[in-house]
Each structure stands twice: as C-alpha cells, then as structure tokens.
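Q: need the 3D shape of this:
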Amino acid sequence: MKTTKTYNGRPCKTCGATLRYSSTCACVACAIKKGLEKHYKSMGKIFTGVELTQQQISILNRDEAKEKGKRYYHGMSCKHCGNTMKYVTTRSCVSCTIDRAKNAQKRKVSKQKTT
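A: Residues are numbered from 1 along each chain as shown. Modelled structure (predicted):
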C-alpha cells in the first residue's frame, strides 16, 4: 500500500490550512471537504496527515458516522447555539433544526387561528 505524502506549504486561499498533498499541491482540508479523500483511499493510498484541525477532525468523524450508518455526529460547534451534535445527512445542527421546526409549527398554528 502506498502512502499519501503531505507537506506544509503556503496557506490555502479558502480555509487557510498549510497542509498540502505532494502529488497535486491541493490543500488537504479542502480535499477532505470535497470528498477526494475517498478517491485516494480507493486508489489504495493511506492518509498520513500531520496535525489535523478541528474542522478536519469533524469531517473525518462525519465520514466515520456515515460509514457506520449513524444519524448524528459531533462536529464543529454551531455558530448560533454552540452545540456540536449534527445530522450526518445535512450537516446541520440538531438543536437549531428542532428549534426551527418548533417555530415553524407555532407560526402555522397562529396563522390558522387568524383565518
């Protein structure tokens, strides 16, 4: 099995990470985000990242949860409520999604009462 070689290069324009693949010079964090990591795994290569950021860890956790058939995973903290529990399918915060659904139901009920 071959290993994917990485190096610390110039900061990425998108995410600011410096870890890059040697073969393509692509940002590792963005490659993981775009799903290219699965492509490298299918080619028989192993990811040998140095220090992973919280964002990279959450993406890996999501992939692990998806492979295991889980519904939720712990990712980056939500910018609205700070919760880390997220849905695997939509990547949205669980508590914010529940709050939005409750608010929508309240609006629907109040709209029906006025008509």
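Q: so what's the residue nearest to Thr18 when sequence neighbours are not counted bridging to?
A: Ranked by CB to CB, 6 or more residues apart in numbering and with sequence neighbours excluded, the top spatial neighbour of Thr18 is Asn8, at 4.7 Å. C-beta coordinates here come from the backbone N, C-alpha and C atoms, glycine included. Beta-bridge pairing of Asn8 under DSSP bridges involves Leu19.
Q: which parts of the chain belong to which domain?
A: With domains defined by automatic domain parsing, the chain comprises 1-51, 53-115.
Q: ok, back up a step: give me the pLDDT for the residue nearest to Thr18.
A: At Asn8, the pLDDT value in this model is 86.
Q: about what we covered before: dump the domains of the chain into JSON lines; add mean neighbour count as well.
A: Formatted as JSON lines, the entries for the domains of the chain read as follows, by neighbours: other CB atoms under 10 Å:
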{"stretch": "domain 1-51", "mean neighbour count": "14"}
{"stretch": "domain 53-115", "mean neighbour count": "13"}
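Q: would you single out the least confident of the ones you listed?
A: Within the domains of the chain, confidence is poorest for domain 1-51, with a mean of 68 (mean pLDDT).
Q: ok so, going back, so the residue nearest to Thr18 touches Ala17, yeah?
A: No. In this structure, Asn8 sits apart from Ala17 without contact. The criterion is CB atoms under 8 Å, and the distance is 9.4 Å.
Q: for the helix or strand encompassing Ile98, name the packing helices and strands.
A: Taking DSSP states H and E as the criterion, the element that holds Ile98 is helix 94-114. Judged by 3 or more CB pairs under 8 Å, 6 or more residues apart in numbering; DSSP states H and E, the packing partners of helix 94-114 are strand 85-87.
Q: elements contacting the strand it packs on?
A: Of the remaining helices and strands, those touching strand 85-87 by 3+ CB pairs under 8 Å, 6+ apart are strand 72-74, helix 94-114.
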